[in-house]
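In: Fold the following.
(chains A and B)
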Amino acid sequence: MDILANLALGFGVALSPFTLTLAVIGCVLGTVIGALPGLGPSNGVAILIPITFTLGLDATSALVLMTSVYYGAMYGGRISSILLNIPGDEPALMTTLDGYPMAKKGRAGDALVLSGVASFVGALLATVGLMFLAPLLSRVAYHFGPAEYFALYLLAFCTLGGLASRNQAKAAIASCIGLGIAMIGLDNTSGMPRLTFGHLHLMDGVDFLVAIVGLFAVAEVFFFIESHGRNTSIGVRLERVTVPVRDIAASGWTMLRASGVGFIAGVLPGAGASLGSFLAYMSEKSIAGERGGFGTGVPRGVAAPEAGNNAAAGGALVPMLTLGVPGSGTTAVLLALLMTLNITPGPTLFTDRPEVVWGLIASLLIANFVLLLLNVPLVRIFVRVLQVPPWVLLPGVMMVSFVGIYSLSGSYFDLLLMVGFGALGYLLRKLDVPTVPIILGILLGNHMEDSLRRAMVLSDGDWTFLFSSPIAIGLWLAAVAGFVAPMFLRPLLRKPNAGSG
Amino acid sequence: MVSDRIFGLVILTVALGYVLSATQIQMSFLSDPVGPRTFPYLIGGVMALCGVTVLVRPDPDPDWPGPRTFGALALTVAALVAYAYLLKPLGFLLPTALAAGFLSYQISPRPVQATVTGVALSVGLFLLFRYALGLGLSAVPKTWLG
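Out: Have a look, this model is predicted:
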């Protein structure tokens, strides 16, 4: 009953004409961003955040707009996977395996509709899952003290780092870079300046939005310049778009199972949507067996990863909202949005600001139906988007990044810093150093240090206090496991002969 | 191999420099048991350790672009730095058109197409930001307006 009452509150917020308009705008923008190769949910949301501030939206509206963009980008990512064999974003990678072969067989329209429906099923189930799991988890998290939070932050770095790179040491370096940057500025506890080297600009610390836009959007433009704009002409023809009822019915169970797998993968801190779509595809492939024909363009191979990655996208919101620990790159960017809006995610969010949480959940439900409409009957419009040439798109992205950051502070220093982060992001990604842990470090660094210091105040400097509760010990063990396990699992997790055809 | 050895060395140097700078953090007389230096020390320590790991066990080299592409990238960074400096004194339109045109040229080297893209993006984005989103951008140098 509790949930129904809360949901009623949420719909009260979400159904106002203004919020509804924002949700629709977000869905359209998100689908476009997702469809464009090179612009994914994380950099798409990143460049839009500064603009959201200048619009002066309140917390709920800003959050509704950005999560609609997030969900929309997860839907849109499949379009270029299927038509170009280039994933529109990283989680859509698995969709190329069966989506592109299916399109080459002349069934592009069917593949788009089927994957749109699968996205809808995945995202809808995940939103419902979020509705039930998030309040439950926030009740558990209510008992977390500083020692538990410290272990939890560590867990997030370990699991995110463990999966994001082929090299554990490099992932840890990325986390340290982020944490190190977070230390710059005035110390929260003593008020003393730290590592500012006498620069007045650095007293307030490094704005995480500058780092995010630099590392995600600016670095992406550098990659495009390196490749001189990949070949982005549509490889297959989109003839007609009908609803392949038989295929949808035949992959019903696949969608449900994939949604479950994806949701769980999304909830795990650090794992995110890429793992969700991967696991969903692999488990369906093994269920179907040899005769399933996965990889040759079968409908179930299109449905599974799309249901999986959209379910994971919803699942990733659970730890972000309840614990303040993002489950993926894009939720890290959304966390940045919340923190700039002065909303502290965590268990108290559900009791202190129910209108924000439930308004968000209700608008996610609405956004899903809007997205189904946009991505099935109106999908042709978004296919057009793929024809925007990179020599217009990428300069546009760069200019929007500049104006967005410039409008935040009006200082050239932040712009220089952004370009610096862009160059750094390019070099690091070349060296297989993941950039998401850097963002996470900048976002969580001060919280992590605060919880360590508060724990030490409570225990009067006794370090064993960090391992004094069962929850804390469990989190420490999970952190170690999350960091070590990928070393053994990695050979198993190799991508199955992608890029063929 | 070589890339990672250099990278490991750089990280190690940065980590040591970081720890060294952290020793300069002033303590206030009212401090908690941990103090403002411990966490930076921890970060620097872990970073140095990982730097050594990469130095000792390097990955294979990535595909670095050729010297020409590297030159283009360096030039792009320089252009963006110049853009950052010029955006305020010269107003929005001129620097944006130049920067956007330059980027467009870097991605697809056709001069006319790049010029048109630069001017169109500059004007289009100015109209969008100024009138649709209400940002306070000035189109031309402030001194021109008196």
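
In: Per the annotation, how does chain B divide into domains?
Out: B:2-56, B:67-145 (automatic domain parsing).

In: distance between the last one and the chain's centre?
Out: Looking back up the chat, that one is domain B:67-145. Averaging C-alpha positions (Cα atoms, centre = their mean, to the nearest Å) puts domain B:67-145 16 Å from its chain's average.

In: any idea of the mean pLDDT for that domain?
Out: Averaging pLDDT along domain B:67-145 gives 89.

In: can you tell if stretch A:377-393 touches chain B?
Out: Yes. In terms of Cβ under 8 Å from any Cβ of the partner chain, part of stretch A:377-393 sits within range of chain B, namely A:Pro389, A:Pro390, A:Trp391, A:Val392. No exception for glycine: its C-beta is placed from N, CA and C like everyone else's.

In: now the domains of chain B in CSV, with distance to A:Ala312 and mean neighbour count?
Out: Below are these laid out as CSV (distance: least, Cβ to Cβ, whole Å; neighbours: other Cβ atoms under 10 Å in any protein chain shown):
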stretch, distance to A:Ala312, mean neighbour count
domain B:2-56, 28, 17
domain B:67-145, 32, 17
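
In: can you put those in TSV and add distance to chain A?
Out: Output for the domains of chain B, formatted as TSV (distance: least, Cβ to the nearest Cβ, whole Å):
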stretch	distance to chain A
domain B:2-56	4
domain B:67-145	4
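
In: Tell me how far the residue nearest the centre of chain B lies from A:Leu416.
Out: Central residue of chain B (Cα atoms, centre = their mean): B:Val77, 7.8 Å from the mean position. B:Val77 sits 10 Å away from A:Leu416, taking Cβ to Cβ, to the nearest Å as the criterion.

In: what helices or strands is the helix ranked longest in chain B leaning on?
Out: Identified as the longest helix of chain B according to DSSP state H is helix B:67-90. With contacts taken as 3 or more Cβ pairs under 8 Å, 6 or more residues apart in numbering or on different chains; DSSP states H and E, helix B:67-90 sits against helix A:219-227, helix A:390-409, helix A:412-430, helix B:93-107.

In: Contacts made by the helix or strand following the last one with the rest, please.
Out: Next in sequence after helix B:93-107, counting helices and strands by DSSP states H and E, comes helix B:111-127. Helix B:111-127 has contacts (Cβ atoms under 8 Å, 6 or more residues apart in numbering or on different chains) with A:391-392, A:395-396, A:399-400, A:403, B:92-94, B:96-102, B:104-105, B:108, B:137, B:139.

In: Tell me what angle helix B:111-127 forms with helix B:93-107.
Out: Here the directions of helix B:111-127 and helix B:93-107 differ by 140 degrees (axes from the mean of the first three to the mean of the last three Cα atoms, to 10 degrees).

In: ok so, going back, export the helices and strands packed on helix B:67-90 as a markdown table, with columns for distance to B:Pro62.
Out: Below are the helices and strands packed on helix B:67-90 laid out as a markdown table (distance: least, Cβ to Cβ, whole Å):
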| stretch | distance to B:Pro62 |
| --- | --- |
| helix A:219-227 | 11 |
| helix A:390-409 | 22 |
| helix A:412-430 | 5 |
| helix B:93-107 | 21 |
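
In: Can you say which of these is nearest to A:Leu114?
Out: Among these, helix A:390-409 comes nearest to A:Leu114, with 27.7 Å by Cβ to Cβ.

In: can you dump the C-alpha coordinates of the closest one into PDB?
Out: The C-alpha atoms that make up helix A:390-409 are tabulated as PDB, following Å, rounded to 0.1, in the frame of the first residue of the first chain:
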ATOM      1  CA  PRO A 390      30.600  13.800 -38.300                       C
ATOM      2  CA  TRP A 391      32.200  17.000 -39.600                       C
ATOM      3  CA  VAL A 392      29.100  18.900 -38.500                       C
ATOM      4  CA  LEU A 393      28.300  16.900 -35.400                       C
ATOM      5  CA  LEU A 394      31.600  16.800 -33.600                       C
ATOM      6  CA  PRO A 395      32.400  20.600 -33.900                       C
ATOM      7  CA  GLY A 396      28.800  21.100 -32.600                       C
ATOM      8  CA  VAL A 397      29.400  18.800 -29.600                       C
ATOM      9  CA  MET A 398      32.700  20.700 -28.800                       C
ATOM     10  CA  MET A 399      31.000  24.100 -29.100                       C
ATOM     11  CA  VAL A 400      28.100  23.100 -26.900                       C
ATOM     12  CA  SER A 401      30.600  21.800 -24.300                       C
ATOM     13  CA  PHE A 402      32.500  25.100 -24.300                       C
ATOM     14  CA  VAL A 403      29.400  27.200 -24.000                       C
ATOM     15  CA  GLY A 404      28.000  24.900 -21.300                       C
ATOM     16  CA  ILE A 405      31.100  25.100 -19.100                       C
ATOM     17  CA  TYR A 406      31.600  28.800 -19.800                       C
ATOM     18  CA  SER A 407      28.000  29.500 -18.700                       C
ATOM     19  CA  LEU A 408      28.700  27.800 -15.300                       C
ATOM     20  CA  SER A 409      31.400  30.100 -14.100                       C
END
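
In: got the angle for that helix vs helix B:111-127?
Out: Going by the same axes, to 10 degrees, helix A:390-409 makes 30 degrees with helix B:111-127.

In: what is the rounded mean pLDDT of helix A:390-409?
Out: 88.

In: Would you mind finding the longest helix in chain A?
Out: Assigned via DSSP H, chain A shows its longest helix as helix A:108-141.
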